[in-house]
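In: Pasted the sequence and its predicted model underneath.
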Amino acid sequence: MTDIKEKTAALMEWFSPGGIFYPVLHLLFTPGWWQLLLCFLSCSFLMIFSLNAVEKNGFEGSLVGTLVMPYFSGFPNLCFAWLMARNSANGVLVLENCLVNNVTNLTLIPALPAILWGLTLSNGKETLSPDMRISLLSLLLSILALGFFSLALFFMSRDGKLDAVDGTLLLGIFLFWQLFHVFEVLKNNTREKRQIKKRILFDLLIIGFCAWGIFSSIEGLIQWIFAHGKGFFSKSNLGLLSGLLMVVPNAFLALYYSAVHRSDIAYASQIGDCHICIPLCVGIFAVFSTIRVPANMETGIFIIMGAAAGHFLFLAFMKRLPRFAGVFLAGLYAFFIYKEIL
């Protein structure tokens, strides 16, 4: 018995501070910034890969991009808004996060595939198929909705703040927009005699696990920045940093779907993710706490509305985003980041 106790004590020493296995335990239970970042990216990409199964089990085409995918790619922004509201943090951080996210989604992310191999809905064909024409019309409607949401936010913020009434209105228009898409899914499935398969529940289970991982990693990264952040990575730049980080999965998603000639999903996913940030994320925070609107918000709103107008015109008349437009959008994004850093 004494021998067993001695061996147990020796084994416990291996896991105590200074022991051989203590660094492993410390790594697992007190992760640093790079482990949290790896967890965030891994869970985000796993969420996105679930989209193929979701599309096969009852959703299709641009509806995946406008109704399903935004909740996957935009979930980190929702987590950030909720954590900021729960901790009574500065609402400017949430507003900066959403503006950086939307500007990136409308400028740099579509610019990259447009410059590399072209972002087109026609895929070299002179006329679009009926399904692709329907996707194009749905995409154009989503862009118009994005312009409407951004314009609504602009006028609500003219008094210098976004209060609970403004937040409730933003959430109301977002809810109406989502209900419209839900009825579109039901209508299309009824017309084509399709059903949403039960196997989608397994995908939702995976998504729930990923959601927990994303939420935990974002909370950990925020705490790390508040405790250890210095210089550019300080808490004063938290809105900008979080906005840049949370578009990484969106960029991967856009590059993947455009490379496999599904530009309709690549485009719709970015527009749909913009809907999650404005009005949903801004509305969630404003309901809990008033947001004092910074002076530089107008620059971001004008870039969002201008880029949305450009995408609408190019898609309506050319059914693609030309390479020269991609170069211009990339330059516009560089200008925006330069203004934000200054």
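Out: Nice, I can see it.
In: all helices for the stretch 51-200 of the chain, in order.
Out: Counting by DSSP state H, counting those that start in this stretch, the stretch 51-200 of the chain has helices at residues 61-63, 69-73, 75-86, 91-106, 108-116, 130-156, 164-191, 200-228.
In: So, low pLDDT: which residues of the stretch 101-250 of the chain?
Out: For the stretch 101-250 of the chain, residues meeting the criterion pLDDT under 70 lie at 123-126, 185, 188-189, 191-200, 204.
In: burial of Phe328, as a residue count?
Out: Number of residues near Phe328 (other C-beta atoms under 10 Å) recorded here: 15. C-beta here means a position set from N, CA and C on the backbone, and glycine is covered the same way.
In: mind checking which helix or strand it is in?
Out: helix 323-341 (DSSP states H and E).
In: what's that helix packed up against?
Out: Packed against helix 323-341, as judged by 3 or more C-beta pairs under 8 Å, 6 or more residues apart in numbering; DSSP states H and E, are the following elements: helix 91-106, helix 108-116, helix 297-317.
In: Among those, show me which one is buried the most.
Out: helix 91-106 (a mean of 26; mean count of other C-beta atoms under 10 Å).
In: quick one: contacts of stretch 318-325?
Out: 110-111, 114-115, 118-122, 128, 136, 263, 310-311, 314-315 (C-beta atoms under 8 Å, 6 or more residues apart in numbering).
In: Any buried residues in it, and which?
Out: By neighbour count on 16 or more other C-beta atoms under 10 Å, the buried set for stretch 318-325 is Lys319, Arg320, Leu321, Ala325.
In: In this model Ile301 seems to touch Leu153, though I could be wrong.
Out: Yes. Applying C-beta atoms under 8 Å, one finds Leu153 in contact with Ile301, separated by 6.7 Å.
In: which residues does the most centrally placed residue in the chain contact?
Out: Closest to where the C-alpha atoms of the chain average out (C-alpha atoms, centre = their mean) is Gly74, at 3.0 Å. Applying C-beta under 8 Å, 6+ apart, we find Gly74 in contact with Gly272, Asp273, Ile276, Cys277, Leu280, Cys281.
In: show me what contacts the fifth one?
Out: Leu280 makes contacts with Gly74, Leu78, Leu170, Leu171, Phe174, as judged by C-beta under 8 Å, 6+ apart.
In: so what pLDDT did it get?
Out: We have a pLDDT of 92 for Leu280.
In: For it, give its distance to Ala266.
Out: Distance of Leu280 to Ala266, computed by C-beta to C-beta, to the nearest Å: 21 Å.
In: for Ser42, what are its contacts?
Out: So Ser42 contacts Gly213 (C-beta under 8 Å, 6+ apart).
In: element containing it?
Out: Applying DSSP H and E, one finds Ser42 within helix 33-56.
In: and Trp212, how many neighbours does it have?
Out: What Trp212 shows, counting by other C-beta under 10 Å, is a neighbour count of 11.
In: now Leu245: how far from Asp163?
Out: Distance, Leu245 to Asp163, using C-beta to C-beta: 28 Å.
In: Just want to know which of those two has more residues nearby.
Out: More crowded of Leu245 and Asp163, by other C-beta under 10 Å: Leu245, with 20 against 14.
In: Surely the more buried one and Ser44 touch.
Out: No. If you go by C-beta under 8 Å, Leu245 and Ser44 don't touch, sitting 9.7 Å apart.
In: what do these two both touch?
Out: With C-beta under 8 Å, 6+ apart, Leu245 and Ser44 have common neighbours Pro76.
In: In contact with the nearest residue to Gly147 once chain neighbours are set aside, which residues are there?
Out: Using C-beta to C-beta, 6 or more residues apart in numbering and skipping the chain neighbours, the partner closest in space to Gly147 is Ala308 (4.9 Å). Ala308 is in contact with Leu106, Ile143, Leu146, Gly147, Ser150, counting by C-beta under 8 Å, 6+ apart.
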